[in-house]
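Asks: no sequence for this one, just the structure:
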């Protein structure tokens, strides 16, 4: 399970972030609560993603690619990095639109 | 020689190299040196022999089922293509009279539906069935009868569905069937029902295939084939199947809801009674947009495999491609509402979906750059697969660019529902799926044919298709920008649409000529065989190019590289001489090696079922059930449904048997068990995936409930009194508890053989009781399903729960019957475990559903 979480953790955070944003916009449209909520959720998800990225990098440093979690951590790091950028990108409409 | 796998420094400990306790050092024993016993190969061939003559219909070997499946998908591609040609003739000039308006509506609906549901998804699933066992060096996928069932249900149902066109009964509301156009007010005939029920068996078939593929990729890989060494196609199919599991339930619930509205007047989508037509669009596109990637990802996986072989160099950026596949699998679920930019959503929502629509192009771009890098660093030959790969790449990139254009909301508002969109989607789908598929035909045909396809004819096929495709769809962008809406059966002269339409029609026939020439090539050169194939014509490095038979590879190799045939000298000879795992049959049955999901370490030997007529009969009656309901032959339809269930039970009866001996040598003195239970079994994984499907349908029903409350909450009535919750929750919770207790009883030596199974029947009975009280309380409250959107969604949830309760009852009786025949092994049994899981899940789902619709709105 740990290996799968390292591998998919970044994208799971992205999914949680996206569906929370959808829920916020559905509940409050484009009003202030939706924008503030978007900001808070985005900040929390960015922090979660940064944590996963850090964990993946540290695991990859201490486990070679042949170990059970070595390769999933090596893949999980760029997944989390991509997710980090995607979450930030996804949150931008609350500031710009 | 050791008699059991040796632990390797602690399972799961930091730095552990073993996932299960298996010592990877044991792999060093291979290839073995000793001579193989005489008659071993002949026995293997006997066990895996396929039936002959008319009994071939009962075959379950992936070589046959996969080939039939690909052939059937291609047949539907041709049929839908013919419809397209006739439509193009109609549109070649203004005011043409080739097709009447109603027939034209049926043609474009069937063209889209058949291409998406009967060609694209089944074709890639078929390629999974055909190629994956060989690529993973498995004897077969873990549920061969399920593959056979999926294929026959699809073929029988698909042909009947297509035949509706000949009777003027084909659906005519477009492939996405928006209400209110498809509600009874505007579509009173049974045409729309054909779509709604006809898609039912295709959904079942797709999900059956997805379960097979997920479990197959995770549990039947060759030893040593860790996640890091998995062929990219296996990664793509894993993501593809995962997406089907998440996406298809949305359209399953949507089609059920629309059919319930049409047949029983439950107003899910009727705004005058608290429903909403946009709910359909949300449900449909939550499936519909990922569907594009469901089609594209396997094709991208095939391209990744081919560019590496064709350029004769390892794939550049393997890990980045896996990253792209995984990222696409997730992000594609965040773009469904970009099909709805024109319906009037909150600005912020539109912003989120627009951002996700642009973001999803990043992983697609990663793959494209990786392919270009691989081709530029290697030495690609000028052959037909290379042409189709490169041509597809060009077309897909062009489609991707217009995709980014329509992801921008102001542009989308202008281009929406115009021919620009038709051009865009054809560029994406033809470049992303059709051209890679043709490359696949040329590249992998030698794996199952005595002769490869013709290079000379193939180049003609490519250039005709490539030129025809651009001639058809490039002018279509202009037609759209000049304002021609899609789905019109004709147009007036002097609107400046004549020239571009005529060019598109000419291009369609050039494209058709290319496909016709491909059929000539197939007829001249494709000669199906499972033995003396043309072999590895293009020099691929993965395991499907090992010498193969109906049993796949003679022995299952230890994999130490992503391209074993390039990096492990002598592997083909050693495999063929039986110097790796499972060189013969260890139990005298069909069997394959089950390995662990991360590191592919040997765990146990799975006994595989052989040829059977029951999957075929089950499929015929399943398709019959849906189609007979469509033509309103209710009695025969229900009889067909009951027969389908009986056939499935009969087929299952022969499975999950304990065989002797309990442990067998699978090569080099390594022994594994022949029967295990619990989380390592393929059955457990399949049940988990199935429960995720049921959970997703449940979540879609809950989403519909909350969505309609958000739109029409003011007119909702109070739920039944809160005290009703007590018996409902007691029933559902008690069922879960009793099921878990039954599982514990089975493990106790002191309990009699009957008590665990009896307990399971009590559990299912309690579940049914809870459901009956649930239903009664709603009926007593005065809310009817016809009265409002609230009634429709509440009863929709209750009906969904009723369906799983019915299956739970059936399951409990089935287990009791097995128990009475001594087929439930002790202290643990896989069938029993799975029934326990299912009933326990049903109890939890029922409780959650009851709590939500009774407490929200109201208490919460």
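Replies: Looks like it came in fine. Here the structure is a predicted model, which is why all the values come from computation and not from measurement. Residues are numbered from 1 along each chain as shown, chains lettered A, B, ... in the order given.

Asks: state the distance from the closest residue to chain B within chain A to residue A:38.
Replies: Among the residues of chain A, residue A:93 lies nearest to chain B; the distance is 2.8 Å by CB to the nearest CB. Every C-beta, even on glycine, is put in place using the N, C-alpha and C of the backbone. To residue A:38, residue A:93 is 8 Å away according to CB to CB, to the nearest Å.

Asks: which one's more surrounded, these two?
Replies: More crowded of residue A:93 and residue A:38, by other CB atoms under 10 Å in any protein chain shown: residue A:38, with 25 against 22.

Asks: which neighbours do residue A:93 and residue A:38 share?
Replies: Counting by CB atoms under 8 Å, 6 or more residues apart in numbering or on different chains, the contacts common to residue A:93 and residue A:38 are residue B:348.

Asks: whatever helix or strand residue A:87 lives in close to chain B?
Replies: Element membership for residue A:87, per DSSP states H and E: helix A:70-91. Yes. On the criterion CB under 8 Å from any CB of the partner chain, helix A:70-91 is in touch with chain B at A:71-72, A:74-75, A:78-79, A:82-83, A:86, A:89-90.

Asks: of these, closest to residue B:22?
Replies: residue A:71 (17.2 Å; CB to CB).

Asks: which residues touch the closest residue to chain A within chain B?
Replies: Relative to chain A, the nearest point of chain B is residue B:351 (2.8 Å; CB to the nearest CB). With contacts defined as CB under 8 Å, 6+ apart, residue B:351 is in contact with A:92-94, A:96-97.

Asks: buried among those residues? Make that a PyMOL selection.
Replies: Those of the contacts of residue B:351 that count as buried under 16 or more other CB atoms under 10 Å in any protein chain shown are selected in PyMOL with:
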select buried, chain A and resi 93+94+97
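
Asks: give the next helix or strand downstream of the helix holding residue A:87.
Replies: helix A:93-96.

Asks: residues making contact with that next one?
Replies: A:21, A:34-35, A:38-39, A:42, B:348, B:351-352, B:354-355.

Asks: likewise for stretch B:395-408?
Replies: Contacts of stretch B:395-408 (CB under 8 Å, 6+ apart): B:338, B:354, B:357-358, B:361, B:364-365, B:368, B:411-412, B:415, B:420-421, B:423-432, B:435, B:466, B:469-470, B:477.

Asks: kindly report the residues of the stretch 251-400 of chain B close to chain A.
Replies: Going by CB under 8 Å from any CB, the residues of the stretch 251-400 of chain B near chain A are B:319-320, B:322-323, B:326-327, B:329-331, B:333-334, B:346-352, B:354-356, B:358-359, B:362-363.

Asks: if any of these are buried, give me the PyMOL selection for them.
Replies: Of these, the buried ones go into a single PyMOL selection, burial set by 16+ other CB under 10 Å:
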select buried, chain B and resi 320+322+323+326+327+329+330+331+333+334+346+348+349+350+351+352+354+355+356+358+359+362+363
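
Asks: from the residues of the stretch 251-400 of chain B next to chain A, which land in helices?
Replies: B:319-320, B:322-323, B:326-327, B:329-331, B:347-352, B:354-356, B:358-359, B:362-363 (DSSP state H).

Asks: in contact with residue B:292, which residues?
Replies: By CB under 8 Å, 6+ apart, the neighbours of residue B:292 are B:332, B:428-429, B:432.

Asks: what does residue B:425 give?
Replies: Residue B:425 neighbours (CB under 8 Å, 6+ apart): residue B:399.

Asks: which SSE is it in?
Replies: Counting by DSSP H and E, residue B:425 is part of helix B:419-429.

Asks: let me see the mean pLDDT of that helix.
Replies: On average, the pLDDT along helix B:419-429 is 97.

Asks: which of the residues in that helix are buried?
Replies: Those would be B:419-429, for helix B:419-429 by 16+ other CB under 10 Å.

Asks: what's the answer for stretch B:764-780, then?
Replies: B:764-771, B:773-775, B:777-778.

Asks: take those and write them to a markdown table, including pLDDT, distance to chain A and secondary structure.
Replies: Shown next, in a markdown table, are those (pLDDT from 0 to 100; distance: CB to the nearest CB, whole Å; DSSP: H, G, I helix; E, B strand; the rest coil):
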| residue | pLDDT | distance to chain A | secondary structure |
| --- | --- | --- | --- |
| B:764 | 97 | 30 | helix |
| B:765 | 97 | 35 | helix |
| B:766 | 97 | 32 | helix |
| B:767 | 97 | 29 | helix |
| B:768 | 98 | 34 | helix |
| B:769 | 97 | 35 | helix |
| B:770 | 97 | 30 | helix |
| B:771 | 98 | 29 | helix |
| B:773 | 97 | 32 | helix |
| B:774 | 97 | 27 | helix |
| B:775 | 97 | 30 | helix |
| B:777 | 96 | 29 | helix |
| B:778 | 96 | 26 | helix |
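
Asks: okay, strands next: where are they in chain B?
Replies: Applying DSSP state E to chain B gives strands spanning B:548-549, B:552-553, B:590-595, B:602-608, B:663-665, B:671-673.

Asks: how far away from the center of its chain is the fifth one?
Replies: The gap between where strand B:663-665 is centred and where its chain is centred comes out at 34 Å by CA atoms, centre = their mean, to the nearest Å.

Asks: residues touching residue B:145, list them.
Replies: B:60, B:609, B:612, B:614-615, B:651.

Asks: per-residue pLDDT of it, please?
Replies: Looking at residue B:145, the pLDDT reads 95.

Asks: where does pLDDT dip in chain B?
Replies: Within chain B, the stretches with pLDDT under 70 are B:1-15, B:749-754, B:858-860.

Asks: can you pull the contacts of the residue lying closest to residue B:586 once chain neighbours are set aside?
Replies: Computed as CB to CB, 6 or more residues apart in numbering or on different chains, the closest residue to residue B:586 that is not its neighbour in sequence is residue B:664, at 3.9 Å. Residues near residue B:664 by CB under 8 Å, 6+ apart: B:586-587, B:605, B:671-672, B:674.

Asks: need the buried ones from those selected in ChimeraX.
Replies: Buried members of the contacts of residue B:664, defined by 16+ other CB under 10 Å, are picked up in ChimeraX with:
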select /B:586,605,671,672,674
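
Asks: roughly how far out does stretch B:278-288 sit from the chain middle?
Replies: 19 Å.

Asks: correction: stretch B:779-793
Replies: The answer for stretch B:779-793 is 34 Å, by CA atoms, centre = their mean.

Asks: then stretch B:821-835?
Replies: The answer for stretch B:821-835 is 29 Å, by CA atoms, centre = their mean.

Asks: mind listing what's buried along that stretch?
Replies: B:823-825, B:829-835.

Asks: so of those residues, which ones are in helices?
Replies: Per DSSP H, the buried residues of stretch B:821-835 map to helices at B:830-835.

Asks: make a markdown table out of these and add distance to chain A.
Replies: Formatted as a markdown table, these follow (distance: CB to the nearest CB, whole Å):
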| residue | distance to chain A |
| --- | --- |
| B:830 | 22 |
| B:831 | 26 |
| B:832 | 25 |
| B:833 | 19 |
| B:834 | 21 |
| B:835 | 25 |
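
Asks: would you turn those residues into a markdown table with distance to residue B:183?
Replies: Conversion of those to a markdown table gives the following (distance: CB to CB, whole Å):
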| residue | distance to residue B:183 |
| --- | --- |
| B:830 | 45 |
| B:831 | 43 |
| B:832 | 46 |
| B:833 | 44 |
| B:834 | 40 |
| B:835 | 40 |
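
Asks: what is the nearest of those to residue B:726?
Replies: Nearest member of those to residue B:726, counting by CB to CB, is residue B:835, at 27.0 Å.

Asks: let me see the ranges of the helices in the stretch 651-800 of chain B.
Replies: Secondary structure of the stretch 651-800 of chain B, counting by DSSP state H, counting those that start in this stretch: helices at B:682-712, B:725-747, B:754-781, B:789-820.

Asks: would you format the ones you listed as a markdown table with distance to residue B:571 included?
Replies: As requested, those are exported to a markdown table (distance: least, CB to CB, whole Å):
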| stretch | distance to residue B:571 |
| --- | --- |
| helix B:682-712 | 26 |
| helix B:725-747 | 43 |
| helix B:754-781 | 47 |
| helix B:789-820 | 42 |
